[in-house]
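[1] Provided below are the primary sequence and the corresponding predicted coordinates.
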Amino acid sequence: QVQLVESGGGLVQAGGSLRLSCVASGGIFSINTMGWYRQAPGKQRELVAAMDRGAWTNYAESVKGRFTISSDNAKNAVYLQMNSLKPEDTAVYYCNADRRYLYGRPGDYWGQGTQVTVSS
């Protein structure tokens, strides 16, 4: 069973930056896709960014040019660098992973979520 633990959320002013981290454990050698989703109050959970071991990446239009997803296979980690943050980026951010190559579809494993709040 894969466990995902996120960290790095917090409160930041508009225009600021945050870096989210997600470390995977348990059955990690079969993970091929990792990504980040977010859910704001009253809204559906949405894809923010995803990547796979084939170097495929995908970003939501609203974050392109501001957010960057990356990974460190040696640390079994995936990161989300968030720059030029806007109040509309406020949400709970979830790490997501799967053994399959999903090309933007959510995987089976989820972290507990980390809150990101951007003040205006």
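    Cool, the structure landed.
[2] which stretches of the protein have low pLDDT?
    28 (pLDDT under 70).
[3] where do the strands sit along it?
    3-7, 10-13, 18-25, 33-39, 46-52, 57-59, 67-72, 77-82, 91-98, 109-110, 114-119 (DSSP state E).
[4] Asn58 is in contact with Gly104, correct?
    Yes - at 5.1 Å, Gly104 and Asn58 qualify as touching, with contact defined as Cβ atoms under 8 Å. All C-beta spots, glycine's among them, are computed from the backbone N, C-alpha and C.
[5] Overlap in contacts, these two.
    Counting by Cβ atoms under 8 Å, 6 or more residues apart in numbering, the contacts common to Gly104 and Asn58 are Leu47, Ala50.
[6] Which of these two has more residues huddled nearby?
    Asn58 (16 against 11; other Cβ atoms under 10 Å).
[7] Wait, that one touches Val48, no?
    No - taking Cβ under 8 Å as the definition, Asn58 is not a contact partner of Val48, at 9.6 Å.
[8] who touches both of these two?
    Residues touching both Asn58 and Val48 (Cβ under 8 Å, 6+ apart) are Gly35.
[9] Give the burial count for Ser119, as a bare number.
    11.
[10] Can you tell me how far it is from Asp89?
    The gap separating Ser119 from Asp89 is 11 Å, by Cβ to Cβ, to the nearest Å.
[11] Same question for Lys64.
    13 Å.
[12] In terms of packing, which of these two has more residues around it?
    The neighbour count for Lys64 versus Asp89, taken as other Cβ under 10 Å, is higher for Asp89 (22 against 10).
[13] Report the contact partners of the more buried one.
    Arg38, Val63, Met82, Val116, Val118.
[14] Pipe the residues you listed into CSV and attach distance to Ser17 and neighbour count per row.
    What follows is the contacts of Asp89, written out as CSV (distance: Cβ to Cβ, whole Å; neighbours: other Cβ atoms under 10 Å):
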residue, distance to Ser17, neighbour count
Arg38, 16, 23
Val63, 13, 22
Met82, 6, 26
Val116, 11, 22
Val118, 10, 20
